[in-house]
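Kindly return the folded structure for what I paste below:
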Amino acid sequence: MGENQTMVTEFLLLGFPLSPQIQMFLFGLFFLFYVFTLLGNGAILGLISLDSRLHTPMYFFLSHLAIVDIAYACNTVPQMLVNLLLPAKPISFAGCMTQMFLFLSFAHTECLFLVVMSCDRYVAICHPLRYSVIMTWRVCITLTVTSWVCGSLLALVHVSLILRLPFCGSHEINHFFCEILSVLRLACADTWLNQVAIFSASVLILVGPLCLVLVSYSHLLAAILRIQSGEGCRKAFSTCSSHLCMVGLFFGSAIVMYMAPKSHNPEEQQKVLFLFYSFFNPMLNPLIYSLRNAEVKSALRRALCKESNS
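Now for the predicted structure:
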């Protein structure tokens, strides 16, 4: 009997239990958002790779953040679009575990990249004369590889702990992708160790990085207020405000998702919050950086002028 409980071959993703008309409307809307996410982040990557003036540590980290956002969208949105057209579409057990691993990897990695980018801005504004000495390309590559590796290893820990659990009864996941808490609800064994791991990772990856970002920005604000040049002050605010907007969107939605009081229908609430957390943030990041960052806007104008001249 124990063997039969662990022989799970597929799960059913329930997605959004709405009328067919509303699901078709959401399919069209989310498909447009998905295309915009890919095009926006792809444009950021293209600008950074083509414009030599953007070959700096700040935009090197931004390019990796754009890669994470594209990966976010490609990992969860296609499955969600399929489920809107074909409700209760099954996903294999291996596919579910893979999707969960990738989502957690990208979430952890984005948290770490936001911290790295705040440290980069701290060094650039608080120690401008030593910036090129501190933020060498070797340091940038080391920080980037460390962020990707640590994010993936933490995700591997979560998935490994889930693989040891037996599943029985309902195989219906009340979500639009294989979210870890929704999958844990289907386990017919004690998930105490999994809950401890999730809480520990939240403190390590969410609370810890947010505290580091806030500390660095408190120093940044003090340094910016000491800048005598009005132009220099505006430029510093421009680059930092873009990153701060991203931090607010990402950590704000994550904190609400994990720490807000549960409503009478917590699973539906979590689906809406995850939709914002994993869908709208990657779509909004290119807008934030193109509209709030003067150097990105200048690079875009140069690219468009070069294209029109050619």
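
Quick check, pLDDT for the closest residue to residue 283 other than its chain neighbours.
Closest residue to residue 283 apart from its sequence neighbours, by C-beta to C-beta, 6 or more residues apart in numbering: residue 37 at 4.3 Å. In this view, the C-beta of every residue, glycine as well, is placed from N, C-alpha and C. In this model, residue 37 is scored at 91, pLDDT.

Residue 283 too?
As predicted, residue 283 sits at a pLDDT of 83.

neighbours around it, how many?
22 (other C-beta atoms under 10 Å).

Identify the residues contacting the residue nearest to residue 283.
Residues near residue 37 by C-beta atoms under 8 Å, 6 or more residues apart in numbering: 69, 70, 73, 77, 279, 282, 283, 286.

Next, count neighbours for the fifth one.
Think residue 279. 20.

Check the gap between it and residue 32 for me.
In this structure, residue 279 and residue 32 are 12 Å apart, going by C-beta to C-beta, to the nearest Å.

right, and the helix or strand after the one helix or strand the residue nearest to residue 283 maps to?
Using DSSP states H and E, residue 37 sits within helix 20-50. Following helix 20-50 in sequence order, the next helix or strand is helix 57-85 (DSSP H and E).

Please compute how far that next one lies from its chain's middle.
Put simply, helix 57-85 sits 8 Å off its chain's centre (C-alpha atoms, centre = their mean, to the nearest Å).

What separation do you get for the residue nearest to residue 283 and residue 29?
13 Å.

And residue 300, by the same measure?
Distance of residue 300 to residue 29, computed by C-beta to C-beta: 26 Å.

Now residue 10: phi and psi?
Per-residue torsions, residue 10: phi -160, psi 160 (degrees, to the nearest 10).

check contacts around it.
Applying C-beta under 8 Å, 6+ apart, the residues near residue 10 are 90, 91, 92, 93, 96, 171.

List the residues that contact the fifth one.
The one in question is residue 96. Residue 96 sits in contact with 10, 11, 173, 178, 183, where contact means C-beta under 8 Å, 6+ apart.

switch to 7 Å and redo it
11, 178, 183 (C-beta atoms under 7 Å, 6 or more residues apart in numbering).

How far off centre is the strand or helix carrying residue 125?
Element membership for residue 125 (DSSP H and E) is helix 93-126. The chain centroid and the centroid of helix 93-126 are separated by 6 Å under C-alpha atoms, centre = their mean.

One more: stretch 180-196?
23 Å.

what about it, average pLDDT?
88.

again with stretch 56-72
For stretch 56-72, the per-residue pLDDT averages 91.

Please apply the same query to stretch 15-29.
Stretch 15-29 comes out at a mean pLDDT of 86.

where are the low-confidence patches of the stretch 101-250 of the chain?
For the stretch 101-250 of the chain, applying pLDDT under 70 flags the ranges 169, 227-240, 242-243.

quick one: contacts for the closest residue to residue 26 other than its chain neighbours?
The shortest distance from residue 26 to any non-neighbouring residue, by C-beta to C-beta, 6+ apart, is to residue 84 (5.7 Å). Taking C-beta under 7 Å, 6+ apart as the criterion, residue 84 is in contact with 15, 23, 26, 27.

Run a quick neighbour tally on residue 116.
Here the count is done by other C-beta under 10 Å, and residue 116 has 21 residues near it.

so who does it touch?
61, 143, 147.

Quick check: the gap between the residue nearest to residue 295 when sequence neighbours are not counted and residue 142.
If the residues on either side of it in the chain are set aside, residue 295 comes closest to residue 54, at 6.7 Å by C-beta to C-beta, 6+ apart. Applying C-beta to C-beta, the value for residue 54 to residue 142 is 21 Å.
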